[in-house]
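**Student:** how does the following fold in three dimensions:
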Amino acid sequence: RARCRPTGWWRPAAAGSLAAIAAIAALCPSGALTQARRPASGPSGVKVLIDSKKPRTAKPDSGLHTLEFCLNCPDPHLEGTQTMALGAVHGPTEYRVSGDLVMMVPNDIAGARLLNVEELVGRVALVDRGVVPLVDKVLAAQKAGAIGVVIADDGNCTDLYECGRVGSPKHGGFSGRDPWQLWMKVEIPSLLVMADVGDRLKRMMKLERIFIPGIGEQWAPSLRR
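**Tutor:** Got it, this is the predicted structure:
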């Protein structure tokens with residue numbers, strides 16, 4: 001039986017998904033939510049490949065890279081869809097990382113610690129752009145054990161990957177305005193995709209909206225998968 005504790009709340013490993021977390025957390029102080037512990041659920045079925053190689057149509061110094069993804073397939077490069085994405089100016093420059101895609105919860109990691117750390121280990125994290133600095137999102141995913149990060153834009157980037165102060169192809173990627181020291185600890189690759197690509201990935205992952213007390217509505221794995 002779930003119960004609140006001074007340092008957070010606890011529930012047995014046999015409990016359900018994030019929807020169950022939301023129901024139990026309603027009984028506990030909102031601050032306890034940051035200490036949630038839960039078993040890892042299965043992967044979403046969506047596999048991605050983050051590649052530092054440039055798309056054929058991109059200039060060598062454009063900051064554009066390649067993201068490939070597929071549903072229930074062993075190799076996104078052989079069977080997946082390919083799209084362009086904006087790479088980080090700082091951090092790793094040569095990479096080729098493939099893994100299952102997992103949505104970070106909270107989706108933009110604003111105001112609370114990650115609730116699904118176990119799910120991120122050895123996988124690629126999907127996170128919404130939001131207001132939290134992008135480097136903080138990448139570092140949070142890296143600390144949780146993720147091997148790469150896909151950042152879904154919130155609609156502020158144009159179709160030409162012009163993302164205002166965040167960056168653009170002509171600026172070599174995103175977060176170029178950040179002091180390079182902020183990225184010194186970043187060891188995993190990250191790509192920023194357009195909002196429509198992020199929405200498509202979420203649909204493929206069969207996510208649903210759930211309400212988590214103290215945080216609000218979040219995308220989380222569907223109970224109907």
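**Student:** so who does residue 66 touch?
**Tutor:** 49, 51, 53-55, 82-85 (C-beta atoms under 8 Å, 6 or more residues apart in numbering). All C-beta atoms are positioned from the backbone trio N, CA, C, and that covers glycine.
**Student:** bridging residues for it?
**Tutor:** Beta bridges link residue 66 to residue 51, residue 84, judged by DSSP bridges.
**Student:** my read is that residue 194 contacts residue 153, right?
**Tutor:** Yes: between residue 194 and residue 153 there is a contact under C-beta atoms under 8 Å: 5.5 Å.
**Student:** residues contacting the residue nearest to residue 114 when sequence neighbours are not counted?
**Tutor:** Using C-beta to C-beta, 6 or more residues apart in numbering and skipping the chain neighbours, the partner closest in space to residue 114 is residue 144 (5.7 Å). Going by C-beta under 8 Å, 6+ apart, residue 144 touches 114, 117, 120-121, 125.
**Student:** at 7 Å instead, please
**Tutor:** Contact analysis of residue 144 by C-beta atoms under 7 Å, 6 or more residues apart in numbering lists 114, 117, 120-121.
**Student:** do the same with residue 64
**Tutor:** By C-beta under 7 Å, 6+ apart, the contact list for residue 64 reads 54-55, 58, 84, 86, 161, 169.
**Student:** let me have those residues in a markdown table, extended by pLDDT.
**Tutor:** Converted to a markdown table, the contacts of residue 64 look like this (pLDDT from 0 to 100):
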| residue | pLDDT |
| --- | --- |
| 54 | 84 |
| 55 | 83 |
| 58 | 75 |
| 84 | 93 |
| 86 | 96 |
| 161 | 92 |
| 169 | 93 |
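**Student:** by neighbours, which of the residues you listed wins?
**Tutor:** Highest neighbour count within these, by other C-beta atoms under 10 Å: residue 86, with 29 neighbours.
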